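Novice: make a model of this:
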Amino acid sequence: MKKLLSVLISLTILLGLAAPFSAFSQEPYEVENPLYARGGLTSPLKGGNIVFIEDSVSYKYKDNTYYTRGRQLYQYAKKKLDARKEVFKLYVLSKDELDLFSATNNITQMVFLGATDDEYCQTSTDSDYIRWAVRSFQTLDVTKNTKKNGYNYYTLTVQFLYYDTLKEEKKADAAVEKYLRSLKLNGKTEYEIVKEIHDYICSINVYDYPAASDPYSHMYAFSSYGALLKGKCVCQGYAVTFYRICKELGFKVRLVSSDPDWGCHAWNIIELDNKYYILDCTWDDQVFDEEDTGIEPYYYFLTDYKSSLKYDSIGQHKLYSSLYENNYFQTNYKNYFAEKPYSSESGKRLSACSVSLSSNRFTYNGNANKPLVTVKDGDVLLKEGEDYTLSYSSNTNPGLGRVDITGIGEYENTNTHRLFIIQPKKVSGLKIGKLTSTSLNLSWDKVSGADGYTVQSYKNGKWINLVTSETNSISLSKLSPSSKQKFRVKAFKTVYKHNLYGGVSDNKITYTKPKKGKIISLVAGKSSFTAKFKKLKCSGYQLQYSLSSNMKNAKTLKVSSKKLSKTVKGLKKGKGYYVRIRAFKTFKNEKNKKTAVYGVWSAKSFVKVK
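Specialist: Numbers count the residues shown, from 1 in each chain. As a prediction, the model looks like this:
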């Protein structure tokens, strides 16, 4: 079997190796990913975190903030990459003069690396996940705006192309969330959890050979979208999917690769009991799908690095030296590589012990949450303080709390962990403010620690998500007059692009106001007048009349919604009256109490009775 990561190699770079520097200074060129240790135009890279992360120097100029290479510039770019923005601007401070060539090598490339650096990893969809989502980048334009404070102020227009679109990535987000919700983790071991993820990815996929030979026609195959939604991908799709799911469950995991110049392959390393093991869903899946009896289906499941090369005659599991032979990778990963394959039955190890929490979900109350932990080695109940210690973190505010279980005694140098949810408090204080025939305002009390709120509306017998708000109030418009409106609100905390919701508020019921009343005609009679008015959707009308134009001492009459005219008798002969009308809608509110909303009064009409 031929296992390929069909990564696009930078042909434009290779074709231009012998050309002089000046030949490239005015023409954009595309750098294809992984660029890793490309020769020629791009500088060789020394590893996964070659960019030293430091704070950027920044200055404002004409409504924009310009940055030197550093944390703030990388963070800005990371948000663009995460949103799959293709063309955007970088506002850069540089001591040196820049053209397209130097901007690509010294700025755009380094911004890409800094924004996707492992040391800078914060979520499940940055670091390796974003780095491998980018298929190419280039600097389209370099504009020098001014020079001051010892820096040249440049605007760089850059283009990044991806293996998936934002729409596809959102579908992958939903698929990951659905899968995570399906997992039943209580009472399982870390080994069992990792195996379940490995088996799930293998079970829903087949290797996409057409994508390996024609990447541009099958770009989905290089992303978690291909793995989770289409069920076919190449090794990059397998590896990024395993990376993301494990990240969201709190594991230490990386996506690693072999030499991109030949037979490039991607797989994962994951930590159990302070040791990193090789895990390759691609090769395990191909063995299973193709019934290759020469290799065990789980040969690449939690094996050691040396053993991973045993059945790999072409070296696709040999870590790419230019990328991984560096102090950062050595210190943080390679020094902890396991020396033999993982065995859940060998020795006392917490990763092979089942863990149960007394509760996997809490509601924020301002206090630290510490679920009770039960650890078993088979049927043997382990003891805290004798076999392990507990350490809780991120366990107060809404989000994901974590408990780390560290082995002592016979279980020394082993560990395991579990995550638990802290959801926001239930929304309270929901009320309706300004109300018109086509709009209304909703407000509610703020919820501590929430990132936002989802307003739900009850339509056609079910609750639907109507709108999301970052603040504790919204204005709704384009509503129908005299229409029933039923709402509730729930707060959420966003973790790994998934919303953790708190309890929903109590319901609030109202109706929008009827349309503004309108008198069509007003005819004088003997000590009387007859008013005809426009039909409106309502429960009834109020007719009001007064001898004064300011409606002082006005009398109000109720008119059935079935009538479109009203004759008022017993008036003073020869007197003039001001008349107006409005509609109203009665209903029962959320407390089953009868109430009403009133439309706007019509313009006043004048009539002099006979």
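Novice: where does pLDDT dip in the protein?
Specialist: Applying pLDDT under 70 to the chain flags residues 1-26, 34-52, 262-263, 287-295.
Novice: mind redoing it with 80?
Specialist: Along the chain, the model assigns pLDDT under 80 to residues 1-53, 259-263, 286-297, 322, 344.
Novice: residue 95: neighbour count?
Specialist: Neighbours of residue 95 under the rule other Cβ atoms under 10 Å: 8. Any C-beta I mention is one placed from the backbone N, CA and C, and that applies to glycine too.
Novice: cool, and the one 4 residues further on?
Specialist: Other residues within reach of residue 99, judged by other Cβ under 10 Å, total 16.
Novice: can you check residue 605 too?
Specialist: Residues lying near residue 605 (other Cβ under 10 Å) number 19.
Novice: helices of the stretch 151-300 of the chain, residue ranges please.
Specialist: For the stretch 151-300 of the chain, applying DSSP state H, counting those that start in this stretch gives helices covering 166-182, 190-203, 209-213, 224-225, 235-248, 281-290.
Novice: so what strands line up beside whichever helix or strand comes after the last one?
Specialist: This points to helix 281-290. For helix 281-290, the succeeding helix or strand toward the C-terminus, using DSSP states H and E, is strand 301-303. Strand 301-303 sits in its sheet next to strand 275-279 (antiparallel), going by DSSP bridges.
Novice: how far does the partner strand sit from the chain's center?
Specialist: Centroid displacement of strand 275-279 relative to its chain, using Cα atoms, centre = their mean, to the nearest Å, is 28 Å.
Novice: what residues does it touch?
Specialist: 194, 198, 242, 252, 267-271, 300-305, 307-308, 317, 333-334, 336-338, 341-342 (Cβ atoms under 8 Å, 6 or more residues apart in numbering).
Novice: with just CA atoms, put that strand into PDB.
Specialist: Output in PDB follows, covering the C-alpha atoms of strand 275-279 (Å, rounded to 0.1, in the frame of the first residue of the first chain):
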ATOM      1  CA  LYS A 275       5.200   9.200  27.600                       C
ATOM      2  CA  TYR A 276       4.400  10.100  23.900                       C
ATOM      3  CA  TYR A 277       3.200   7.300  21.700                       C
ATOM      4  CA  ILE A 278       2.800   7.000  17.900                       C
ATOM      5  CA  LEU A 279      -0.700   6.700  16.600                       C
END
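Novice: what's the distance between the residue nearest to residue 407 when sequence neighbours are not counted and residue 408?
Specialist: Of all residues not flanking residue 407 in the chain, residue 414 sits nearest, at 4.1 Å (Cβ to Cβ, 6 or more residues apart in numbering). Using Cβ to Cβ, to the nearest Å, residue 414 is found at 10 Å from residue 408.
Novice: repeat that for residue 196.
Specialist: Counting by Cβ to Cβ, the gap from residue 196 to residue 408 is 28 Å.
Novice: also residue 532?
Specialist: 90 Å.
Novice: repeat that for residue 242.
Specialist: From residue 242 to residue 408 the distance is 31 Å (Cβ to Cβ).
Novice: counting neighbours, go ahead and name the busier of those two.
Specialist: residue 242 (28 against 14).
Novice: you'd agree the more buried one is up against residue 197?
Specialist: Yes: if you go by Cβ atoms under 8 Å, residue 242 and residue 197 touch, sitting 6.4 Å apart.
Novice: now residue 29. Its backbone dihedrals?
Specialist: Phi and psi for residue 29, reported as degrees, to the nearest 10, are phi -140, psi 150.
Novice: number of residues surrounding it?
Specialist: Close neighbours of residue 29, defined as other Cβ under 10 Å, add up to 17.
Novice: that one against residue 138, yeah?
Specialist: Yes: because the distance of 6.2 Å satisfies Cβ under 8 Å, residue 29 is recorded as touching residue 138.
Novice: which residues are common contacts for the two?
Specialist: Contacts common to residue 29 and residue 138, judged by Cβ under 8 Å, 6+ apart, are residue 104.
Novice: re the thing from before, for the helices of the stretch 151-300 of the chain, give me TSV that also has distance to residue 434.
Specialist: Listed next are the helices of the stretch 151-300 of the chain as TSV, based on distance: least, Cβ to Cβ, whole Å:
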stretch	distance to residue 434
helix 166-182	34
helix 190-203	50
helix 209-213	55
helix 224-225	43
helix 235-248	42
helix 281-290	56
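Novice: for residue 547, find the nearest of these.
Specialist: helix 166-182 (65.0 Å; Cβ to Cβ).
Novice: show me which residues of that closest one are buried.
Specialist: For helix 166-182, the neighbour count (16 or more other Cβ atoms under 10 Å) marks 168-169, 171-173, 175-176, 179 as buried.
Novice: ok, stretch 567-585 next?
Specialist: 568, 571, 577-585.
Novice: equivalent analysis for stretch 238-245, please.
Specialist: Buried positions in stretch 238-245, judged by neighbour count with 16+ other Cβ under 10 Å: 238-245.
Novice: nearest to residue 525 among the residues you listed?
Specialist: Checking the buried residues of stretch 238-245 against residue 525 by Cβ to Cβ gives residue 244 as the nearest, at 79.8 Å.
Novice: next up, the contacts around the closest one.
Specialist: Counting by Cβ under 8 Å, 6+ apart, residue 244 makes contact with 124-125, 129, 176, 224.
Novice: please report the distance of it from residue 169.
Specialist: 11 Å.
Novice: name the nearest residue to residue 244, sequence neighbours excluded.
Specialist: residue 124 (4.9 Å).
Novice: and if you look at residue 321?
Specialist: Counting by Cβ to Cβ, 6+ apart, the residue nearest residue 321 is residue 259, at 8.0 Å.
Novice: for residue 265, same thing?
Specialist: Of all residues not flanking residue 265 in the chain, residue 316 sits nearest, at 3.8 Å (Cβ to Cβ, 6+ apart).
Novice: one more: residue 180?
Specialist: Nearest residue to residue 180 in three dimensions, chain neighbours excluded: residue 248, at 6.3 Å (Cβ to Cβ, 6+ apart).
Novice: over to residue 340?
Specialist: residue 304 (5.2 Å).
Novice: report the contact partners of that neighbour.
Specialist: Counted by Cβ under 8 Å, 6+ apart, residue 304 has contacts 277-278, 337-341.
Novice: of those residues, grab the buried ones for PyMOL.
Specialist: Applying 16+ other Cβ under 10 Å to the contacts of residue 304 leaves a buried subset, and the PyMOL line that selects it is:
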select buried, resi 277+278+337+338+341
